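**Q** Give me coordinates for this.
(2 chains)
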Amino acid sequence: MGMRKVAVIGAGMTRFVRRALETPKELAWQAAHQALQSCELTMDDIEAVCLGTAPDSFDGLHMNGEYLSDGAGGWQKPYMRSYVGGGTGVFVPIQGWYHIASGLFDVVLVVAEEKMSSFYPHAQAAFLTIFDHTTERPLKPNLLWIFALEMNRYMTTYGISKADIARVSVQHKRNAAGHPAALLGDSQITVEDVLKSEVLAWPVQRYDVSPVSDGAVAIIMAAEHVARRITDKPVWIEGVGWSLDTAHWTNRDLAYPRYVESAARMAYEMAGIKEPKKEIHIAEPYDPFDYKALHHLEGLQLAERGEAVQLYIDGTAARDGNMPVCPSGGLLGVGNPIAAAGLMKIAELFWQLRGEAGERQVPGHPRRGLAQAWGDLMQVGTVVIMGR
Amino acid sequence: MSELLRDLPGRSLSEKEFEEGKILFNFDELHGNFAWDTGVAVGSYLAGLKRGVILGAHCTTCRKTVVPPRMVCEWCYRPMNEIVVLQDTGTVNTFSICYVTWDVQRIQEAEIPAVIEIDGASPLHGIMHLLGEVDADKVHIGMRVKAVWKPADERQGAITDICYFKPIEEV
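**A** Next up, the predicted model:
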């Protein structure tokens, strides 16, 4: 298709915390500064900036992308914010990718930031406005409803127990114990702890859900000729895909994420992947809720429908398994500052594929990984495949 | 996080720092007032609710019946110009038993939101509503339910003209 090869050459992130001292602009700068330092570039080397941040309602600012531009490094540069709900964190590197693949720019800074704690008293209330104002909002819905409804449909369709789904939360939170930026890493957590946690909206319990968080992540992307000069360990973007399903979410099969499948198929075709289960060595599916990781693994064609939980039961998904899932600790463990959480998965693949993940390093020199995010009204799938 | 990166930015604030007044912040409330026009398709849906019927829209090309009605078929992007009357009965596609409000206040009496596949619409096509007159532990996916309407003179042309859906007595 005449597209140039694009690599990730640097990455940085802040701690993910419940409430940060820093403002959104300050978080964005801290992550971007660290990403630049990691590949020894300065802002003068950056030709364009892509920002990802989720709903304006978290910050109470209209045109939030423009407001954040100084912290994100957008001054006097081609700069644009992209936003596809929770899918933003994996979409914003796709935006960076097409900036470079098209031949328009050689070096791009990609920043994703979220500060959810400003919304008072709880960020969940900011989500009320995602429901249709006329046909749904008069019923006083809350965000948990749609997850609880989808989770119940998924587990009932395939006969999966709550205890088995809880394994996802346990493994991700245990993985996060090795992540220095993590909010909820816990090496001791058990399935019983998850099942005993407070019931919020059955079948969703407290530990089935990722936490409200503040944080930022940044990566540097470069065209092949630049990447090879700057690092001897570039990590290539091998495939990207994104897709949207209907906004009428009650008119859709809730047990299977069709939009994730079409996004994944687009990315696999670009990457020349015929057998994803064999060719993807690390998977970072989006896991704001434990069942979502399973749902997404199935949409990504990394498990048969209703069988993703087997990967956790038989150890395939463990850090030393055949296909580690969320070795970062995911959103359940590291935290879920929405846009930043998705880009955290891209940064994790970058570190894992370079062999720099420290305590969290997946053994066996993995060659290829996949990151996926999901969002809007449970309808968007964004996928990036990276390889070395 | 890379093992090569040592200094981790981002400082976590604690409750104690707020209680002791060490952290300065600016509190404000934003209010927005809106009057949303219901439009053509949803307007007819609401007018139907006021009359005590649930309306859907049918696409003759895709042979799909969706609810609520809309002007365009998402599948073929042709106009969806046939409004059809559906039943006020349906099947529970999924449900939740919810103990928190939209702003995460705890509630004692659980609400039971559900997706209800409406009879007469295509398979898996439903609406979100609440279940009532049922014990939470009796609700199950596949349960048959019927709309409980407000009295005709109290209906306003709103989704809340249906109070909730209740189980149909299984004979």
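**Q** Sort out which residues of stretch A:267-282 are buried, please.
**A** Of the residues in stretch A:267-282, A:267-268, A:270-271, A:273, A:276-277, A:279-282 count as buried by neighbour count, 16 or more other CB atoms under 10 Å in any protein chain shown. Quick note: C-beta positions are derived from backbone N, CA and C, even for glycine.
**Q** Indicate whether the host helix or strand of A:A373 makes contact with chain B.
**A** Element membership for A:A373 (DSSP states H and E) is strand A:368-375. No: Strand A:368-375 lies out of reach of chain B by CB under 8 Å from any CB of the partner chain, never closer than 15.0 Å.
**Q** Just give me how far that strand sits from the chain centre.
**A** 6 Å (CA atoms, centre = their mean, to the nearest Å).
**Q** those helices in the stretch 151-300 of chain A, which residues are they?
**A** A:162-176, A:191-196, A:224-230, A:258-271, A:276-279, A:290-299 (DSSP state H, counting those that start in this stretch).
**Q** between those, which gets nearest to chain B?
**A** Smallest distance to chain B across the helices of the stretch 151-300 of chain A (CB to the nearest CB): 10.6 Å, for helix A:162-176.
**Q** re earlier: any idea which of the helices of the stretch 151-300 of chain A is most buried?
**A** Across those, averaging neighbours per residue (mean count of other CB atoms under 10 Å in any protein chain shown) puts helix A:290-299 on top, at a mean of 28.
**Q** Just the CA atoms from that one would do, formatted as PDB, please.
**A** Extracted in PDB, the C-alpha atoms of helix A:290-299 (Å, rounded to 0.1, in the frame of the first residue of the first chain):
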ATOM      1  CA  ASP A 290     -12.200  -8.900  34.500                       C
ATOM      2  CA  TYR A 291     -14.800 -10.500  32.100                       C
ATOM      3  CA  LYS A 292     -13.800  -7.900  29.500                       C
ATOM      4  CA  ALA A 293     -10.400  -9.400  29.100                       C
ATOM      5  CA  LEU A 294     -12.000 -12.700  28.300                       C
ATOM      6  CA  HIS A 295     -14.600 -11.100  26.000                       C
ATOM      7  CA  HIS A 296     -11.800  -9.300  24.100                       C
ATOM      8  CA  LEU A 297      -9.500 -12.400  23.800                       C
ATOM      9  CA  GLU A 298     -12.400 -14.100  22.000                       C
ATOM     10  CA  GLY A 299     -13.000 -11.100  19.700                       C
END
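**Q** Which positions within the helix or strand that that helix is followed by qualify as buried?
**A** Sequence order places helix A:308-313 as the next helix or strand after helix A:290-299, per DSSP H and E. Neighbour counts over helix A:308-313 (16+ other CB under 10 Å) mark A:308-312 as buried.
**Q** In terms of secondary structure, what does helix A:308-313 contact?
**A** helix A:162-176, helix A:290-299 (3 or more CB pairs under 8 Å, 6 or more residues apart in numbering or on different chains; DSSP states H and E).
**Q** Any chance of those in a markdown table with distance to chain B as columns?
**A** What follows is the helices and strands packed on helix A:308-313, written out as a markdown table (distance: least, CB to the nearest CB, whole Å):
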| stretch | distance to chain B |
| --- | --- |
| helix A:162-176 | 11 |
| helix A:290-299 | 12 |
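**Q** The spatially most central residue of chain B: what's its closest spatial neighbour, skipping adjacent residues?
**A** Among the residues of chain B, the one closest to the centroid is B:M128, at 3.6 Å (CA atoms, centre = their mean). Once flanking residues are discounted, B:M128 sits nearest to A:T250: 5.3 Å by CB to CB, 6 or more residues apart in numbering or on different chains.
**Q** Check the spacing between the one you found and B:T91 real quick.
**A** 13 Å (CB to CB, to the nearest Å).
**Q** Please identify which of those two sits among more neighbours.
**A** Set side by side, A:T250 and B:T91 show more neighbours around A:T250, with 26 against 18, by other CB atoms under 10 Å in any protein chain shown.
**Q** who are the neighbours in contact with that one?
**A** A:T250 makes contact with B:93, B:115, B:125-128, according to CB atoms under 8 Å, 6 or more residues apart in numbering or on different chains.
**Q** same check, this time on B:A110
**A** Counting by CB under 8 Å, 6+ apart, B:A110 touches A:202, B:97-99, B:136.
**Q** If you rank these by neighbours, which is first?
**A** Greatest neighbour count in the contacts of B:A110, by other CB under 10 Å, goes to B:C98: 25 neighbours.
**Q** Can you tell me the element that one falls in?
**A** Following DSSP H and E, one finds B:C98 within strand B:97-100.
**Q** what helices or strands is that strand leaning on?
**A** With contacts defined as 3+ CB pairs under 8 Å, 6+ apart, strand B:97-100 has these neighbours: helix A:143-158, strand A:199-202, strand B:106-111.
**Q** With respect to burial, which of those scores highest?
**A** helix A:143-158 (a mean of 23).
**Q** how about stretch A:75-91: buried residues?
**A** For stretch A:75-91, by 16+ other CB under 10 Å, it's A:77, A:79, A:81-91.
**Q** same question but for stretch A:331-343, I mixed them up
**A** For stretch A:331-343, burial by neighbour count (16+ other CB under 10 Å) applies to A:331-343.
**Q** Just confirm A:A293 contacts A:P285, I think it does.
**A** Yes: with contact defined as CB atoms under 8 Å, A:A293 reaches A:P285; the gap is 5.1 Å.
**Q** which residues do the two both contact?
**A** By the contact definition CB under 8 Å, 6+ apart, A:A293 and A:P285 are jointly contacted by A:325-326.
**Q** quick one: low-confidence parts of chain B?
**A** By pLDDT under 70, the weakly predicted segments of chain B are B:1, B:170-171.
**Q** Which parts of it are helices?
**A** For chain B, applying DSSP state H gives helices covering B:15-19, B:41-51.
**Q** How about the first one and chain A, touching?
**A** Read that as helix B:15-19. No: Helix B:15-19 is not in contact with chain A by CB under 8 Å from any CB; minimum separation 8.8 Å.
**Q** which stretch among the helices and strands packed on strand B:97-100 comes nearest B:E154?
**A** Among these, the nearest to B:E154 by CB to CB is strand B:106-111 (21.4 Å).
**Q** Please name the strands paired to that closest one in the sheet, noting orientation.
**A** Paired neighbours of strand B:106-111 in the sheet (DSSP bridges): strand B:97-100 (antiparallel).
**Q** Flag the shaky bits of chain A, pLDDT-wise.
**A** Scanning chain A for pLDDT under 70 picks out the ranges A:1.
**Q** redo that, cut-off 80
**A** A:1, A:124-125, A:128, A:376-378 (pLDDT under 80).
**Q** still on that earlier bit, chain B: which of the buried residues of stretch A:331-343 is nearest?
**A** Nearest member of those to chain B, counting by CB to the nearest CB, is A:V334, at 9.0 Å.
**Q** so that closest one touches A:G342, yeah?
**A** No: applying CB under 8 Å as the test, A:V334 and A:G342 come out as separate, 11.5 Å apart.
**Q** which non-adjacent residue is nearest the most centrally placed residue in chain A?
**A** Chain A has A:G342 as the residue nearest its centroid, 2.1 Å off, counting by CA atoms, centre = their mean. Nearest residue to A:G342, sequence neighbours excluded (CB to CB, 6+ apart): A:G89, at 1.7 Å.
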